[in-house]
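Enquirer: Sequence and predicted structure are below.
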Amino acid sequence: MLPAISLPTNITVKTNITATATPRTRNTHTQKSKATPFSSTLKSLCKKGNLDGALTLIESSNPKSIEEEDISLLLHTCISRRSLKHGQKLHYHLLRSQNGILENPTLKSKLITLYSVCGRVDEAFNVFRIGIGDENPPESVWVAMAIGYSRNGFPNEALILYSDMLSRCVKPGNFTFSMTLKACSDSGNTRVGRAIHAQIVKHDGEADQVVNNALLGFYVECGNFDEVLRVFEVMPQRNVVSWNTMVAGFAGQGSVFETLDAFRVMQREGMGFSWITLTTLLPVCAQITALHSGKEIHGQLMKSRKNADVPLLNSLMDMYAKCGEIGCCKKVFDGMHIKDLTSWNTMLAGYSVNGQINKALALFDEMIRCGIKPDGITFVGLLSGCSHSGLTSEGQRLFNLMQDYGVQPSLEHYACLVDMLGRSGKLEKALTVAENIPMKPSGSIWGSLLNSCRLYGNVLLAETVAERLFEIEPNNPGNYVMLSNIYANAGMWEDVKRVREMMAMRGIKKDAGCSWIQVKHKIHTFVAGGSLDFRSSAEYLKIWIELSNAIKDLGYTPNTGVVLHDVNEEMKAIWVCGHSERLATVYALINTAAGMPVRITKNLRVCVDCHSWMKAVSKVTRRLIVLRDTNRFHHFENGNCSCKEYW
């Protein structure tokens, strides 16, 4: 249990991460007016980063002539430059000269901070514990040590130190509270975090902005979003950090629409944003293919006077790639003055997932020419692109090439290889690779092989693979549905029934087909067989009839073979027409201007008949239709698809 706080406090503590919180007593203007030549020289050397010269100056001077501020300045420079060597030499020199450094709370805090930022937690604790038995050090020293524990991955030790501090009647301030809440977040210690929240409420002093933000962050990390909202609502002031925490909290719990709404409210209140805000939002836009919102964020970025950093531009590229706007992705890439490996990987993966594998391969060659060393992510993008484009020989060459760049094949690489071989019809070879992987095969490896069995109607191998999948992923509905579909394609309805009974017995439900589109700022979702009010509306029926007549003239007829249920043909045709991606397409045709691209995201793989329907619709409407399913992008234009019928 944490000791209760019973003593009032009016301590003012600076919120500086280096934990030098003890206020100075000397007047700043007086210090400046009495600056000595020694201090001026030392300040100049520290400013230039000449730590050797600064340390030599200290060592060659009379210890009695050295001021506290001089030592503090050199220690601060050692901290900022992470120079353990110079910090240790200064420490040992001061001990030899009996300067009394460990009796000064400010210098002691800085020395603890120096050792902790350099990863020497034990040495930091040795400094901390000297003299602690004789008298209690002030709050700033305790906080410096606790931060040292936290920053080095020991949040529980930081909390133990906080408890010890309270037991010695050291009065905590805002700096202590914010540090301790961060330790609770890192350790996931909800019970202690709530106790500290109670202490903050009972505390005589007013919690500052940093403490309130730390409270928000703590409850976000613990997943208690109701409490996050309560803390946010009662905060006397909110800054960008507060809003960023709220936005990240929504994003972290998968509330994508609330994430975007929170950003808009943030803007309406004139709060502005930071790069962290946009870096949090862009992956959300990519997740739901909210291109309109992503472009809005890009616009905010363009209006900013600051230059975007590389991680933010990488997120922007990723958003465009995952929204099917590979041209915009390339423009961002070309406009970057500095590119890291993630920049190249994002561009390469964008090409691959959008069906432009030849451009991905050309970019890989350029990457090598520029001296950029590829990593495992690079090869996952290339292998996946080759798999979905039918470039089996090229994919195998790249797989063998990995080790030339020091990349050892992981399970993800083997999954790509198995998928590549299976999609090309080399099922036995794919099975051999899966059975001889040096590590235990994952569900994704057997899942890709099961999908290949579906493509080629190999029921016998599918049953063998499915048995392994049911052992690895007993609650994954996709595996059961895939096997059921394989049986249905083969007309084995008794086996279909058996699989469905197995699912029912195990409480496993099939994922419903779902598609969504963004029109202006709103996301519209459609479920297969749903949206009855919309499908009964006059505007829907008008467009549907016009489309049906037009694509029929092109020679399109429904492929009812995709309906894997033992029902009559009329019912199959009705079910096909109710697939979610078709409903989303018609809604977009009604509610967007002529000629505008239609962008749809689907949670399952697009069926063969919907693929044919989309091609025909793109031709008669003269619209680009971009469909993102679980596997890849399909760009339908003028009756053709970017996948070239290989998906």
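Expert: Arrived safely, thanks for sending.
Enquirer: Tell me which helix or strand the residue nearest the centre of the chain sits in.
Expert: Nearest residue to the geometric centre of the chain (Cα atoms, centre = their mean): residue 283, 6.9 Å. If you go by DSSP states H and E, residue 283 is part of helix 275-287.
Enquirer: which parts of whichever helix or strand comes after that helix are buried?
Expert: Using DSSP H and E, the helix or strand that follows helix 275-287 in sequence is helix 291-303. Going by neighbour count (16 or more other Cβ atoms under 10 Å), the buried part of helix 291-303 is 291-298, 300-301. For the C-beta atoms, the positions are set from N, CA and C on the backbone; glycine is no exception.
Enquirer: mind giving me TSV with these and columns for distance to residue 526?
Expert: As requested, the buried residues of helix 291-303 are exported to TSV (distance: Cβ to Cβ, whole Å):
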residue	distance to residue 526
291	18
292	18
293	19
294	21
295	23
296	24
297	25
298	27
300	30
301	31
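Enquirer: Output the residues you listed in JSON lines; the columns should cover distance to residue 123 and pLDDT.
Expert: Converted to JSON lines, the buried residues of helix 291-303 look like this (distance: Cβ to Cβ, whole Å; pLDDT from 0 to 100):
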{"residue": "291", "distance to residue 123": "53", "pLDDT": "90"}
{"residue": "292", "distance to residue 123": "54", "pLDDT": "89"}
{"residue": "293", "distance to residue 123": "49", "pLDDT": "88"}
{"residue": "294", "distance to residue 123": "48", "pLDDT": "92"}
{"residue": "295", "distance to residue 123": "52", "pLDDT": "92"}
{"residue": "296", "distance to residue 123": "50", "pLDDT": "89"}
{"residue": "297", "distance to residue 123": "45", "pLDDT": "90"}
{"residue": "298", "distance to residue 123": "47", "pLDDT": "93"}
{"residue": "300", "distance to residue 123": "46", "pLDDT": "86"}
{"residue": "301", "distance to residue 123": "44", "pLDDT": "88"}
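Enquirer: what sits against residue 481?
Expert: The contact partners of residue 481, by Cβ atoms under 8 Å, 6 or more residues apart in numbering, come to 510-511.
Enquirer: any idea which helix or strand carries it?
Expert: Assigned by DSSP H and E, residue 481 falls in helix 477-489.
Enquirer: picking that back up, what's next to the helix holding residue 283, contact-wise?
Expert: For helix 275-287, contacts defined as Cβ under 8 Å, 6+ apart pick out 240, 243-244, 247-248, 251, 256, 259-260, 263, 266, 290-291, 293-294, 297, 300-301, 306, 308-309, 311-312, 315-316, 318-319, 321-323.
Enquirer: cool, and stretch 619-627?
Expert: With Cβ under 8 Å, 6+ apart as the test, stretch 619-627 has contacts from 324, 547, 550-551, 554, 581, 585, 589, 595-602, 606, 614, 617-618, 633-639.
Enquirer: Return the subset of those lying in helices.
Expert: 547, 550-551, 581, 585, 589, 614, 617-618 (DSSP state H).
Enquirer: Now for these: which two are most distant?
Expert: 550 and 581 (18.1 Å; Cβ to Cβ).
Enquirer: Those two: which is more packed in?
Expert: Of the pair residue 550 and residue 581, residue 581 is the one with more neighbours under other Cβ atoms under 10 Å, namely 28 against 15.
Enquirer: close enough to count as contact, that one and residue 609?
Expert: No: using Cβ atoms under 8 Å, residue 581 is not in contact with residue 609; the gap is 10.6 Å.
Enquirer: Return the residues in contact with the residue nearest to residue 336 when sequence neighbours are not counted.
Expert: In this structure, residue 336 finds its nearest non-sequential neighbour in residue 313, 5.5 Å apart by Cβ to Cβ, 6 or more residues apart in numbering. Applying Cβ under 8 Å, 6+ apart to residue 313 gives the contacts 332, 336, 343.
Enquirer: I'm done for today, thanks for sticking with me.
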